[in-house]
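Enquirer: next comes the sequence, and after it the predicted model I'd like to discuss.
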Amino acid sequence: EAEKHALDACTAYGRWRMAPFAGGGLPDGTQSDYDTQFCRPHTGIIYTPPQYSDHIGVSLLLRICDSSSRNDGGEQGNSSSSSSSSSN
């Protein structure tokens with residue numbers, strides 16, 4: 001099943017066809033076929049149309065977090081620290 005998923009991904013679910021052995025080059029795709037390379041930002045492999053390259057791209061999605069709003073045990077934003085005032 002993993003092989004089928006990989007084949008589907010790199011051929012845009014069968015839209016991209018191999019070049020015929022008799023020659024003639026790679027068959028053209030539709031605009032919709034070419035648009036399959038554009039997707040939402042993600043971490044993973046980007047498959048480009050075979051007319052563009054026989055290489056693949058790799059995408060890495062990084063998320064930036066605001067450290068001032070994190071509660072990582074530091075002094076800033078730490079509501080669980082105890083005060084040592086005694087009233088004996």
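Expert: Alright, I've got the coordinates.
Enquirer: what distance do you get for residue 10 to residue 18?
Expert: Applying C-beta to C-beta, to the nearest Å, the value for residue 10 to residue 18 is 11 Å. For every residue, glycine as well, the C-beta is placed using N, CA and C.
Enquirer: higher neighbour count, these two?
Expert: In this comparison of residue 10 against residue 18, neighbours counted by other C-beta atoms under 10 Å, the higher total goes to residue 10 at 14 against 9.
Enquirer: quick one: contacts for residue 44?
Expert: Under the criterion of C-beta atoms under 8 Å, 6 or more residues apart in numbering, the contact list for residue 44 reads 58-59.
Enquirer: do you know the pLDDT at it?
Expert: In this prediction, residue 44 carries a pLDDT score of 92.
Enquirer: look up phi and psi at it.
Expert: Backbone torsions of residue 44, given as degrees, to the nearest 10, read phi 160, psi -160.
Enquirer: so the residue lying closest to residue 43 once chain neighbours are set aside, which state does it fall into?
Expert: Nearest in space to residue 43, with sequence neighbours left out and distances taken as C-beta to C-beta, 6 or more residues apart in numbering, is residue 61 at 4.8 Å. The three-state label given to residue 61 by DSSP: H, G, I helix; E, B strand; the rest coil is coil.
Enquirer: residue contacts, residue 61?
Expert: 41-43.
Enquirer: change it to 10 Å
Expert: Residues in contact with residue 61 (C-beta atoms under 10 Å, 6 or more residues apart in numbering) are 40-44.
Enquirer: same question, residue 13
Expert: Residues in contact with residue 13 (C-beta under 10 Å, 6+ apart) are 7, 33, 36.
Enquirer: so the second one makes contact with residue 48?
Expert: No. When contacts are counted by C-beta atoms under 10 Å, residue 33 is not listed as touching residue 48 (11.4 Å).
Enquirer: shared neighbours, the two?
Expert: With contacts taken as C-beta under 10 Å, 6+ apart, the residues that reach both residue 33 and residue 48 are residue 16.
Enquirer: done for today, thanks.
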